[in-house]
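Chemist: sequence unknown, structure follows:
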């Protein structure tokens with residue numbers, strides 16, 4: 001993160017030199033230096049970092065969010081960086097659910113999300129709900145494999161003699 005100094009324009013009368021504010025008037029920021037904090041977005045765009053909360057300054061540890069992942073029968077709370085991708089979320093979920101990432105389908109706001117989409121770019125915030133489903137094609141292939149292995153292993157062959 002880069003810090004660039006800039007002039008801040010505010011309404012209010014300031015005494016230059018002492019750096020204090022007159023009487024009951026309010027200043028425009030918490031810091032008297034007027035620093036703007038910048039962040040580099042994944043697309044390569046340099047933008048001004050947003051203030052979070054009630055005017056508190058941004059800290060490096062604020063990028064961690066908790067996502068509630070709901071499967072058909074259970075749910076999991078996963079802590080992950082806000083700038084992570086859905087592919088990275090699938091890798092973490094593979095440890096918890098024992099489904100491989102290629103078997104998983106992740107839905108957020110009713111749409112299936114790709115592995116290369118970033119959580120914060122799509123709009124995933126702290127304590128948002130994400131739906132995890134097993135890919136129906138892979139589920140069907142597993143069932144066919146299981147059924148064919150049971151047929152071969154337990155098949156009773158009858159011979160017809162004429």
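Modeler: Structure received. For clarity, every value in this text was computed on a predicted model and none was experimentally measured. Numbers count the residues shown, from 1 in each chain.
Chemist: ok, residues contacting stretch 133-147?
Modeler: Contact partners of stretch 133-147, identified using CB atoms under 8 Å, 6 or more residues apart in numbering, comprise 71, 72, 99, 102, 103, 104, 105, 106, 107. C-beta: built from backbone N, CA, C; applies to glycine.
Chemist: pull out the buried positions in the longest helix along the chain.
Modeler: Using DSSP state H, we find that the single longest helix of the chain is helix 136-154. Of the residues in helix 136-154, none count as buried by neighbour count, 16 or more other CB atoms under 10 Å.
Chemist: ditto for stretch 65-77
Modeler: In terms of neighbour count (16+ other CB under 10 Å), stretch 65-77 has its buried residues at 65, 67, 69, 71.
Chemist: how about the nearest residue to the last one, chain neighbours excluded?
Modeler: If you skip the residues right next to it in sequence, residue 71 has residue 132 as its closest partner in space, 5.0 Å away by CB to CB, 6 or more residues apart in numbering.
Chemist: quick one, what contacts residue 129?
Modeler: Neighbouring residues of residue 129 by CB under 8 Å, 6+ apart: 67, 68, 69, 70.
Chemist: quick check: beta-bridge partners of the last one?
Modeler: Meaning residue 70. Beta-bridge partners for residue 70, by DSSP bridges, are residue 75, residue 131.
Chemist: tell me the pLDDT at it?
Modeler: In this model, residue 70 is scored at 91, pLDDT.
Chemist: give me the next element, helix or strand, following the worst-scoring helix or strand of the chain on mean pLDDT.
Modeler: Using mean pLDDT, DSSP states H and E, the weakest-scoring helix or strand in the chain turns out to be strand 2-5, at a mean of 58. Next in sequence after strand 2-5, counting helices and strands by DSSP states H and E, comes strand 35-40.
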